[in-house]
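Q: Below are the sequence and a predicted model for it; my questions follow.
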Amino acid sequence: MSDESDLQATVEALVRKGKGILAADESNPTIAKRFAAIGVESTEENRRAYRQLLLATSGLGEFLSGVIFFEETLSQRADDGTPLPQLAARQGIVPGIKVDAGKIPLADAPGDEITQGLDGLAKRLAAYKPLGARFAKWRAVYNVSATLPSRMAIEANAEALASYAAICQEQGVVPIVEPEVLMDGDHTIDRCAEVTEAVLHEVFHALHRHRVVLEHTLLKPSMVVPGKAHAKRAKSGEVAAWTLRILKRTVPPAVPGIFFLSGGQTPAEATANLDAMNRLGAQPWQLSFSYGRALQDPAMKAWKGQAVNARATQNALLKRAKLNGAAREGKYDAALEDSIA
Ligand code: 13P
């Protein structure tokens with residue numbers, strides 16, 4: 001198969017009805033924070049055991065089309081020797097890989113950040129492919145205030161995202177482009193909308209400059225929501241209307257799928273918001289999920305680092321995957337939050 005048809009096949013596998021992506025690609029410092037919250041030490045073995053448990057969940061492939069790994073996981077194995085990417089692929093879940101190297105302060109731009117990791121990226125992708133990775137992820141973050149992000153941060157991160165996406169496509173790997181407008185702060189939903197519009201506009205301008213094929217690109221944006229510290233929480237209908245308004249202004253219909261991040265929303269909020277969008281009727285792109293915390297938090301709390309909690313961990317993950325699979329089709333029923341185990 002040529003790279004073109006490889007890319008097309010990967011996109012089609014990811015954009016399946018009723019399915020979304022599990023973001024299990026927490027970097028070592030991030031997973032250490034999440035484990036600390038449940039009193040578990042972040043050792044390589046604990047990370048392996050936890051992620052094996054998630055991927056071995058029976059029936060998960062019914063609601064997940066893809067999983068994003070951190071580099072370490074790509075070469076880890078299950079207890080029976082099966083490589084973890086294969087454990088996913090066995091359930092029809094396409095393995096992907098986080099390829100950015102995290103964020104650092106942007107020079108001469110106090111409060112802004114830039115994501116690194118372009119050096120040697122083509123070579124790394126060539127090494128990840130034989131391990132099973134068919135798509136990749138790069139996350140840019142934007143802090144919000146009355147003055148942030150600066151024009152420079154918006155342009156610099158768009159340039160990096162577009163360079164990354166072009167390199168991925170050249171290597172036959174589908175790029176997920178993730179510009180995350182952070183929820184931290186007390187800004188209004190209007191301010192989040194304004195920033196998100198500027199960010200997405202610049203990202204697509206840069207993708208065009210870098211000749212990235214939009215048909216073989218997936219977008220992973222944040223939803224348009226007020227800051228976490230803002231006095232008023234937005235209802236799903238408002239989040240859905242604002243988010244779709246901004247996406248319609250900025251994302252060409254050639255993009256096949258938009259997979260939202262959860263970004264600090266509660267699991268139930270993230271599900272309800274996605275559902276509300278999908279209830280507004282057909283859109284130019286498929287609207288799905290690529291959640292980290294909103295899929296994993298209840299599972300991690302059930303696990304507590306103990307093998308005896310395996311069943312409860314997997315049930316908690318399967319429940320969130322199932323409810324988000326329904327939200328992906330606008331068929332989520334909040335009453336199911338309490339009625340399924
Ligand atoms: P959250 O859904 O927890 O925001 O994680 C998604 C992700 O991949 C962040 O890069």
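A: Received it, and whenever you're ready, just let me know what you need.
Q: list the buried ones in the helix or strand where residue 54 lies?
A: Element membership of residue 54, judged by DSSP states H and E, is helix 44-55. Neighbour-count burial for helix 44-55, with 16 or more other Cβ atoms under 10 Å as criterion, is recorded at 46, 47, 48, 49, 50, 51, 52, 53, 54, 55. Where you see a C-beta, it was placed from the backbone N, CA and C, and this is true even at glycine.
Q: Also stretch 159-172?
A: 159-169, 171-172.
Q: Please apply the same query to stretch 314-321.
A: Neighbour-count burial for stretch 314-321, counted by 16+ other Cβ under 10 Å, picks out 314, 316, 317, 318, 319, 320, 321.
Q: Next: stretch 111-123.
A: In stretch 111-123, counting by 16+ other Cβ under 10 Å, buried: 112, 113, 114, 115, 117, 118, 121.
Q: picking up where we left off before, redo the buried residues of stretch 314-321 as JSON lines? Include secondary structure, pLDDT and distance to the ligand.
A: Formatted as JSON lines, those follow (DSSP: H, G, I helix; E, B strand; the rest coil; pLDDT from 0 to 100; distance: Cβ to the nearest ligand atom, whole Å):
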{"residue": "314", "secondary structure": "helix", "pLDDT": "98", "distance to the ligand": "19"}
{"residue": "316", "secondary structure": "helix", "pLDDT": "98", "distance to the ligand": "15"}
{"residue": "317", "secondary structure": "helix", "pLDDT": "98", "distance to the ligand": "14"}
{"residue": "318", "secondary structure": "helix", "pLDDT": "98", "distance to the ligand": "17"}
{"residue": "319", "secondary structure": "helix", "pLDDT": "98", "distance to the ligand": "16"}
{"residue": "320", "secondary structure": "helix", "pLDDT": "98", "distance to the ligand": "11"}
{"residue": "321", "secondary structure": "helix", "pLDDT": "98", "distance to the ligand": "13"}
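Q: What is the nearest of these to residue 143?
A: Distance to residue 143 across these (Cβ to Cβ) is lowest for residue 320, with 28.0 Å.
Q: farthest-separated two in the buried residues of stretch 314-321?
A: 314 and 320 (11.2 Å).
Q: Need the overlap of contacts for those two.
A: By Cβ atoms under 8 Å, 6 or more residues apart in numbering, residue 314 and residue 320 have these common neighbours: residue 299.
Q: Please name the nearest non-neighbouring residue to residue 166.
A: Using Cβ to Cβ, 6 or more residues apart in numbering and skipping the chain neighbours, the partner closest in space to residue 166 is residue 210 (4.3 Å).
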